[in-house]
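S.K.: A predicted structure for the sequence below; I have some questions about it.
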2 protein chains.
Amino acid sequence: MKKLINDPDDVVSEALLGIDAAHPELRVDHAQKVIYRAEPTRRGKVAIVSGGGSGHEPLHGGFVGLGMLDAACAGEVFTSPVPDQILAATQEVDGGAGVLHLVKNYTGDVMNFEMAAEMAAAAADVEVVSVVTDDDVAVQDSLYTAGRRGVGVTVLVEKIAGAAAEEGRDLAEVARVATEVNARGRSMGVALTPCTVPAAGKPGFTLADDEIEIGIGIHGEPGRRRAKLGTAKETAALLVDPILEDMPLDRGTRVIAFLNGLGGTPLIEQYLMYHEVSTLLEGRGIEIARSLVGSYITSLEMAGVTLTLLEVDDAMLSLWDAPVSTPGLRWGV
Amino acid sequence: MKKLINDPDDVVSEALLGIDAAHPELRVDHAQKVIYRAEPTRRGKVAIVSGGGSGHEPLHGGFVGLGMLDAACAGEVFTSPVPDQILAATQEVDGGAGVLHLVKNYTGDVMNFEMAAEMAAAAADVEVVSVVTDDDVAVQDSLYTAGRRGVGVTVLVEKIAGAAAEEGRDLAEVARVATEVNARGRSMGVALTPCTVPAAGKPGFTLADDEIEIGIGIHGEPGRRRAKLGTAKETAALLVDPILEDMPLDRGTRVIAFLNGLGGTPLIEQYLMYHEVSTLLEGRGIEIARSLVGSYITSLEMAGVTLTLLEVDDAMLSLWDAPVSTPGLRWGV
């Protein structure tokens, strides 16, 4: 294992020290491993809490800030945060208008966020609504999931629901927006190399020199199948086709196209892949209204990419375009 | 070689197609491989042109936009752009106030930018001033360089000189600012793994499983020495110490600390390393006035990080904080 770390057990807590030092606009509770905006929640604004296992940075901590999250709970690498963390965050950020939990669909996350929501309601009379993302078309159930896995759409949900909350919409409406984004989004990924969880010390799986895993999960969970690495054009089709089989889009449909690097794939390859994806979509008459290219939901140093397509209308685009100011995503401010 | 590409010969031109498709705020001349702002240069504004070999993304193309570059010339991977490209960019962006060339100190880049500057002066009466960055303290001469290599400070020069140009300062003054930033900045890097130039098809060097290259160049050029990979704390000292030996900083000095990922190192490790670096600086009484953590000047998929320290005063900080809107760096807009 070749990593810039000290003790594998301290990776998350030490990375949080770095985030704290680098971002005066954030506040980190190191005991609870929760990242907050430096400013408390505006009275009457719905607060949004997300979180999950670490190792997917900038998700979620990098999306705390104006127009996105109010708090992010960091679990150990690829391990759900515990209910106490989520409860602390939920109580801390409540501005009297309730709290939305955004949860990626993994068994541990769903269970722990649910427990925290119940504790928050009982202990502090905080109203919590949860929205679970499950956009990965690759597999139905998987190593850590009943149903589909929550992957790339989570970034888009955090942005768009975050904008709705910032506008002052109420909890039911912010949750409706989040649910709608998840329902209209689909993702598919491919891995070229595995990644190594620090505490494990060795790669989670192996791939031959010419082999890729199609439908990879963001923890290295198996996808649909393995295949020989082909051209970028061929690989792009392996991402676009399953998404459009699952969610057929009429000609003229507008989408946000999100081409995401998994951590070890450089930007030059991500842009090259984005070109192939956009060409395929154009060929099917699908209009890319907005795009996002970069490493936003990662799997440590895994090489590979994921594609997320989100069907959008004017209302959703207006929320997408709204100001956002976080370490990972920033515009309009 | 395991890369998301089609033909190795087409990597740069196809990545440019992706950049063009993803960024309506940019305009790409695909014949010349130059990335421009979509809007022409404001009359009377000094224009800034940079460029270099590809494979360092988001540098330089990702820094074209308000408050940074007016154009970026993309060479083949790790290969200087040719004079014709640079000449075309220089003529295109001149807004009547002259053009600043920002050039990383590599023999090919310096020569080709120089030739383009002469051609621009002769052919089109465009006034060009060049500033060469050479901030890498690792080695004096190297594989592609007479003198020191230009590395991380280039990002900071592009930002700060870009802000000076946006303010309407004249060419001599913008060049003075760029020169000052370079003079006050120092960098040092470390690699954990090599990278593979697509056209070469194999890694540029090899490292043992427990070995690092201290003082690596952004093209994989040899550094000072190889060593066993130690803890993050030890590695941070290998970056901080040579910089401060080269540029002693008094207690109370303010710096911009730029911890940069080389492409294959995930953000969680970058933040962990930033914590170690900031702790070391704090111990020496150096105040981090601003920080930047992320993969901004990369070496394809190389794992490793570089550290750049820039001594700043209020004037420089104000230029750093000024609005910037590019794919790679964005705030205040």
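M.R.: Yep, that arrived.
S.K.: right, and A:Ser187 touches A:Val151 too?
M.R.: Yes: taking C-beta atoms under 8 Å as the definition, A:Ser187 is a contact partner of A:Val151 at 4.7 Å. Every residue, glycine included, has its C-beta placed from N, CA and C.
S.K.: what touches both of these two?
M.R.: A:Asp135, A:Asp136, A:Thr306, A:Thr308 (C-beta atoms under 8 Å, 6 or more residues apart in numbering or on different chains).
S.K.: got a list of what the closest residue to chain B within the stretch 51-200 of chain A touches?
M.R.: Distance from chain B to each residue of the stretch 51-200 of chain A (C-beta to the nearest C-beta) is smallest for A:Glu57, at 3.9 Å. Contacts here follow C-beta under 8 Å, 6+ apart; on that basis A:Glu57 touches A:Ala15, A:Thr298, B:Pro266, B:Leu267, B:Ile268, B:Tyr271.
S.K.: ok, 6 Å please
M.R.: Contacts for A:Glu57 (C-beta atoms under 6 Å, 6 or more residues apart in numbering or on different chains) come out as B:Leu267, B:Ile268.
S.K.: cool, and the one 4 residues further on?
M.R.: A:Gly61 makes contacts with A:Ile19, A:Ile35, A:Ala72, as judged by C-beta under 6 Å, 6+ apart.
S.K.: what subset of those residues is also close to chain B?
M.R.: Residues of the contacts of A:Gly61 in contact with chain B (C-beta under 6 Å from any C-beta of the partner chain): A:Ile19.
S.K.: can you give the domain ranges for chain A?
M.R.: If you go by automatic domain parsing, the domain ranges for chain A are A:11-184, A:185-324.
S.K.: residues of the stretch 1-150 of chain A that sit close to chain B?
M.R.: Counting by C-beta under 6 Å from any C-beta, the stretch 1-150 of chain A sits next to chain B at A:2-6, A:14-15, A:17-19, A:21-22, A:57.
S.K.: what residues are up against the residue lying closest to A:Leu171 once chain neighbours are set aside?
M.R.: Spatial nearest neighbour of A:Leu171, chain neighbours left out: A:Gly98 (3.8 Å); criterion: C-beta to C-beta, 6 or more residues apart in numbering or on different chains. Contacts for A:Gly98 (C-beta under 6 Å, 6+ apart) come out as A:Val46, A:Glu127, A:Leu171.
S.K.: quick check: phi and psi at A:Gly98.
M.R.: Per-residue torsions, A:Gly98: phi 90, psi 170 (degrees, to the nearest 10).
S.K.: which of the domains of chain A sits most buried?
M.R.: Stretch with highest mean neighbour count among those: domain A:11-184 (a mean of 22; mean count of other C-beta atoms under 10 Å in any protein chain shown).
S.K.: show the end-to-end separation of that domain, please.
M.R.: Start and end residues of domain A:11-184 are separated by 35 Å (C-alpha to C-alpha, to the nearest Å).
S.K.: one more: stretch A:128-141?
M.R.: End to end - C-alpha to C-alpha - stretch A:128-141 spans 27 Å.
S.K.: likewise stretch A:287-304?
M.R.: Rule used - C-alpha to C-alpha; the end-to-end distance of stretch A:287-304 is 25 Å.
S.K.: still on that earlier bit, which ones among the shared contacts of A:Ser187 and A:Val151 lie within helices?
M.R.: Among the shared contacts of A:Ser187 and A:Val151, the subset assigned to helices under DSSP state H is empty.
S.K.: so can I have CSV of the residues you listed showing distance to A:Ala183?
M.R.: Shown next, in CSV, are the shared contacts of A:Ser187 and A:Val151 (distance: C-beta to C-beta, whole Å):
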residue, distance to A:Ala183
A:Asp135, 9
A:Asp136, 14
A:Thr306, 18
A:Thr308, 13
